[in-house]
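1. Sharing a sequence plus its predicted fold:
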Amino acid sequence: MISAFIHKFSSPKSFVKITKTLYPFLIFIGLSMLIVGWVWGLLFAPQDAVQGNSYRIIFLHVPAVIYAELIYFFMALCALMHLVWRVKLAAYLIKSAAPIGAMITFIGLFSGSVWGIPTWGTWWQWDARITSTLILFIMYLGILTLHGSFSNLEKSDRLMSILVVIGVVNIPIIKKSVDWWSTLHQPASISVSGGSSIDPSMLYPLLISIIGLGFTLISLGILSSRSYILGREKNKKWVSEYV
Amino acid sequence: MFDLAFNNLNEILAMDGHGVYVWSVYSIAISIIVASFLIAKNKIKGVKRKIKIKNAPS
């Protein structure tokens, strides 16, 4: 039953068509919220009492690292769908999401590094959170390399999904690293369950940037998956009709 | 909450000496994201062109 349901709603054809309709709305919401969040954070939010103006990197750094982890989590769910129910679309989505994950993890690491220069006096520290995030970046690259190294694409899809599932152990390690080890990296300032240790004048632009970057990355994912799906299914009739 | 945190453009650019870090991080990140969109759009075009050529009656 579940399997029939999943297969009905996971046809690459309907995915491409539905996401094409959604794309203009998602990109509009994403970019406008990102602009509002960043202009607010960069120009209007008050200066931080301890870090001065360098803290303004937070409006880029925190959204970036949130999606560095969330995209991996999304890929892990897709990997399970692919391994358990043999959903082809799930494998296509992993392959399309991995470069975006690598890109945003790089931005997270890079922005953190530059933030470290004025704040910690160093751009790099082999601290638990930074190291586990670097491992995440390498995982993304590894997943892409693995997928590219077989000529049999179905085999690539399966092995890639297995690697994604194995790599998911890294996600709770990143999340908990600031609590388990004593690190240079500060613990989380915002919390879903309430009790954020950050003033509303900084919290609101941060939340807007987080949502804005989310929609922007989903839009990028739609474009990236469209080219990959069309390429993979190029011999199917629906693709000839679509282009 | 909606007052500018700076008095003029020079202050915005300088950010008390932190401007070089803040602005370089944002400009590089924005360039990377914009480039990703352009690459993704180009790829779609490329794939569509290939499929059209393949399907063209010879």
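-> That came through, no problem.

2. Spell out which parts of chain A neighbour chain B.
-> A:38, A:42-47, A:52-54, A:56-57, A:60-61, A:64, A:99-100, A:103, A:106-107, A:110-111, A:114-115, A:117-118, A:200-201, A:216, A:220, A:223-224, A:226-227, A:230-231, A:234, A:239-240, A:243 (Cβ under 8 Å from any Cβ of the partner chain). No exception for glycine: its C-beta is placed from N, CA and C like everyone else's.

3. Up against chain A, what does chain B have?
-> When proximity is defined as Cβ under 8 Å from any Cβ, chain B approaches chain A at B:1-6, B:12, B:15-19, B:21-22, B:24-26, B:28-29, B:32-33, B:36-37, B:40-41, B:43-44, B:46-48, B:50-52, B:54-55.

4. filter these to the buried ones?
-> Buried subset of those (neighbour count, 16 or more other Cβ atoms under 10 Å in any protein chain shown): B:5-6, B:12, B:15, B:18-19, B:21-22, B:25-26, B:29, B:33, B:36, B:40, B:43-44, B:47-48, B:51.

5. Which ones among these lie within helices?
-> Counted as lying in helices by DSSP state H, out of those, are B:12, B:19, B:21-22, B:25-26, B:29, B:33, B:36, B:40, B:43-44, B:47-48, B:51.

6. shaky segments in the chain?
-> Just going to use chain A. Chain A contains residues with pLDDT under 70 at A:1, A:8, A:192-196.

7. I was thinking of chain B, sorry if that wasn't clear
-> B:1, B:58.

8. middle-most residue in it, spatially?
-> For chain B, residue B:34 is the residue whose C-alpha lies nearest the centre (Cα atoms, centre = their mean; 2.8 Å).

9. which residue ranges form the helices in chain A?
-> Secondary structure of chain A (DSSP H): helices at A:2-8, A:12-39, A:58-85, A:88-120, A:128-148, A:153-167, A:170-180, A:200-232, A:237-242.

10. Let me know the angle separating the fifth one from helix A:88-120.
-> Regarding helix A:128-148 and helix A:88-120, their directions subtend 150 degrees when assessed with axes from the mean of the first three to the mean of the last three Cα atoms, to 10 degrees.

11. Restricting to C-alpha, output helix A:128-148 in PDB.
-> Extracted in PDB, the C-alpha atoms of helix A:128-148 (Å, rounded to 0.1, in the frame of the first residue of the first chain):
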ATOM      1  CA  ALA A 128      34.900  19.600  17.300                       C
ATOM      2  CA  ARG A 129      32.200  21.500  15.500                       C
ATOM      3  CA  ILE A 130      34.500  22.900  12.700                       C
ATOM      4  CA  THR A 131      36.100  19.500  12.100                       C
ATOM      5  CA  SER A 132      32.800  17.700  12.000                       C
ATOM      6  CA  THR A 133      31.500  20.300   9.500                       C
ATOM      7  CA  LEU A 134      34.600  19.900   7.400                       C
ATOM      8  CA  ILE A 135      33.900  16.100   7.400                       C
ATOM      9  CA  LEU A 136      30.300  16.900   6.200                       C
ATOM     10  CA  PHE A 137      31.800  18.900   3.300                       C
ATOM     11  CA  ILE A 138      34.100  16.000   2.400                       C
ATOM     12  CA  MET A 139      31.100  13.600   2.600                       C
ATOM     13  CA  TYR A 140      29.200  15.700   0.000                       C
ATOM     14  CA  LEU A 141      32.200  15.600  -2.300                       C
ATOM     15  CA  GLY A 142      32.700  11.800  -1.700                       C
ATOM     16  CA  ILE A 143      29.100  11.100  -2.500                       C
ATOM     17  CA  LEU A 144      29.400  12.900  -5.800                       C
ATOM     18  CA  THR A 145      32.700  11.200  -6.600                       C
ATOM     19  CA  LEU A 146      31.300   7.800  -5.800                       C
ATOM     20  CA  HIS A 147      28.300   8.400  -8.000                       C
ATOM     21  CA  GLY A 148      30.500   9.500 -10.900                       C
END
